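Participant: Could you work out the structure for the sequence below:
(chains A and B)
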Amino acid sequence: MDQREQEQQLVERLAAYGLKLPQGDLAVLVRMIAELEASSQALRRDRPYALEPLSTFSLAPRRKA
Amino acid sequence: MSDDLCFLTITEAAQLIKARKLSPVEVTAAYLERIARLDPQLNAYLLLLGDDAMASARAAEAEIMQGHYRGPLHGVPVALKDIYNTKGIRTTAHSALLQHHVPDEDAFAARLLAEAGAVLLGKTATWEFAIGGTSFDLPWPPARNPWNAAHDPGGSSSGSAAAVAAGLAMAAMGSDTGGSIRGPAAFCGIAGIKPTYGLVSRRGILPLSFSLDHAGPLCWTSQDCALMMGVLARHDPLDAASADVPQPDFASVTGSIRGLRIGYARAMTQEAETSADVVAALEQAIATYRDLGAVVSEVELAPSINYADVASTISRSEGYAIHEHALTHAPELYGQSFRQRIVPGAFVRACDYVNAMRDRTHLVQQLAHVMTSVDVVVTPGAVTPAPVLGKGAPISRTGPSFARPFNVTGSPALAVCSGFNEAGLPLSMQIVGRPFEDHVVLRAGHAFEAATQFRNQRPKLTAGISAAAE
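Facilitator: Numbering: from 1, shown residues only, chains lettered A, B, ... in the order given. Predicted coordinates:
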């Protein structure tokens, strides 16, 4: 997909989120979104059974460190 | 003479003010005169509060003369990054979106400084909403580097760093989500600390990323940062992330560092392709630490990209959540650089955010393990000296950052000036500690500054001209 097609696709993706941005934003946005998606891909790793907790929600008062 | 007053540190000024040998009115007037003369070439300030500052200075003077001395910040002129809400005083985040925004309450940190008797000189320039980069399409121009006005002061606490370095404020407040205190401190040759996450309240500071935002001071010296932290490090029950812990012993900042175990992150330094002058200054700094009796070894941290992936996923998604409404309704009120940096957060999936938070825990544990064998870790303060204004390396996933890992881990991290390159631009070192050992980090910074002569060198500024330091 060439740069123009990538930008056109991005315009459609942005519109789905209610975003309408100047044409001049798009070239850099294409790159930065691709990089952020690469980060997401890297974070997925090998997590076949990703049972590790994010955090433990608790309403108990915290003790001082 | 008045310029000499503007080169006093808080430590020096506090002794004189307490002894009634220096009036807060005299020193505040000196700052206001110097700002009027020099800030037009630096754009460190968005808003100057001359009349209010003089009124505060007179009130401070009256109190001190009546024997009511509040402490080391009493009568000391300071500035606030223009993301700190100030009651009745415009707070804009350097954005057209908030061009006329006047808060009805002070940020908690701003209130603490006021209660300590500090004199607020004004609100300083920042990257738009603390992320937008050096931008030329905003209602106000970007700040410039006092060591060479053609160069960048760094960001996002650009105006705060420029003001302190140029003698336009004795101290200033900043914020740090991915290096925004330490980066400008490095480029402007001053001390700036990102405290332990939660040690300084963020209430009333316009947020960028709730999970990564830190608030902290920028000063000429580490010892001054310690004095500021002595006022700022208070539990705030209305900031959910505020830590309810005993205040670190900031009074110990002048103590010996003999036996301090220092871990040099050599591999991370080399991986980043750090510029030769920065590396040379850091290695000389390590030699200085050895001479002071510290024990130096090498430490290995996680690959930089691991921190980058976690930081960007968290910060962009949280930042986008804050700004989604305005971006969908009035995107033209933001600068282009801000839009380009924040809009990608719209595409972070919830499960990606969860994974980032999981990995964050692992990275915190990894660093804690490394720091069982050392007391502090040192890295360069920045990959290069200050670039030409607006010409810094573009933000990228693989672009190196010494600052960002320690936003992820929440560690206390201090940037101190480690020297100057041949062009007269500052070089910097970062000192990182264990959580809530901010005083150890500051002690290491102070020891280095006291053993070297770099704190004797100021930018040479004259009205209309900015020249490199002698």
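Participant: next one: stretch A:33-43 to chain centre, how far?
Facilitator: For stretch A:33-43, the distance from its own C-alpha centre to the chain's C-alpha centre is 7 Å (CA atoms, centre = their mean, to the nearest Å).
Participant: Check stretch B:129-141 too.
Facilitator: Worked out by CA atoms, centre = their mean, stretch B:129-141 lies 17 Å from the chain centre.
Participant: same check, this time on stretch B:298-315
Facilitator: Offset of stretch B:298-315 from its chain centre (CA atoms, centre = their mean): 20 Å.
Participant: For it, which residues meet the burial criterion?
Facilitator: Residues of stretch B:298-315 classed as buried by neighbour count (16 or more other CB atoms under 10 Å in any protein chain shown): B:299, B:301-302, B:304-315. From N, CA and C alone the C-beta is placed, and that goes for glycine too.
Participant: ok, now stretch B:414-427?
Facilitator: Across stretch B:414-427, burial judged by 16+ other CB under 10 Å covers B:414-421, B:424-427.
Participant: Chain A: which of the residues you listed is nearest?
Facilitator: Within these, proximity to chain A (CB to the nearest CB) peaks at residue B:414, which comes in at 20.5 Å.
Participant: residue ranges of the helices in chain A, please?
Facilitator: A:3-16, A:26-44 (DSSP state H).
Participant: Any part of the first one near chain B?
Facilitator: Yes. With CB under 8 Å from any CB of the partner chain as the threshold, helix A:3-16 lies in contact with chain B, specifically through A:13-14.
Participant: between that helix and helix A:26-44, how many degrees?
Facilitator: Counting by axes from the mean of the first three to the mean of the last three CA atoms, to 10 degrees, helix A:3-16 lies at 70 degrees to helix A:26-44.
Participant: before we move on, back to that, quickly compare the helices of chain A and say which is most buried.
Facilitator: helix A:26-44 (a mean of 18; mean count of other CB atoms under 10 Å in any protein chain shown).
Participant: Kindly format the C-alpha coordinates of that one as PDB.
Facilitator: Extracted in PDB, the C-alpha atoms of helix A:26-44 (Å, rounded to 0.1, in the frame of the first residue of the first chain):
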ATOM      1  CA  LEU A  26      -1.700  12.300   8.200                       C
ATOM      2  CA  ALA A  27       1.800  11.300   7.000                       C
ATOM      3  CA  VAL A  28       3.300  11.500  10.500                       C
ATOM      4  CA  LEU A  29       0.200   9.900  12.000                       C
ATOM      5  CA  VAL A  30       0.500   6.900   9.700                       C
ATOM      6  CA  ARG A  31       4.000   6.300  11.000                       C
ATOM      7  CA  MET A  32       3.100   6.900  14.700                       C
ATOM      8  CA  ILE A  33       0.100   4.700  14.600                       C
ATOM      9  CA  ALA A  34       2.100   1.900  13.000                       C
ATOM     10  CA  GLU A  35       4.700   2.200  15.700                       C
ATOM     11  CA  LEU A  36       2.100   2.100  18.500                       C
ATOM     12  CA  GLU A  37       0.600  -1.000  16.900                       C
ATOM     13  CA  ALA A  38       4.000  -2.500  16.800                       C
ATOM     14  CA  SER A  39       4.300  -1.900  20.500                       C
ATOM     15  CA  SER A  40       1.000  -3.600  21.000                       C
ATOM     16  CA  GLN A  41       2.100  -6.500  19.000                       C
ATOM     17  CA  ALA A  42       5.300  -6.800  21.000                       C
ATOM     18  CA  LEU A  43       3.400  -6.700  24.200                       C
ATOM     19  CA  ARG A  44       1.200  -9.600  23.200                       C
END
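Participant: So which residue is smack in the middle of chain B?
Facilitator: Centrality entry for chain B: nearest residue to the mean C-alpha point is residue B:181, 2.5 Å, by CA atoms, centre = their mean.
Participant: quick one: low-confidence ranges for chain A?
Facilitator: Residue ranges of chain A with pLDDT under 70: A:46-58, A:60-65.
Participant: what does stretch A:4-24 rub up against?
Facilitator: Identification of contacts with stretch A:4-24 by CB atoms under 8 Å, 6 or more residues apart in numbering or on different chains yields A:1, A:26-27, A:29-30, A:33, B:327-328, B:331-332, B:336, B:339, B:343, B:346-347.
Participant: what about 6 Å?
Facilitator: For stretch A:4-24, the external contacting residues (CB atoms under 6 Å, 6 or more residues apart in numbering or on different chains) are A:26, A:30, B:328, B:331, B:346.
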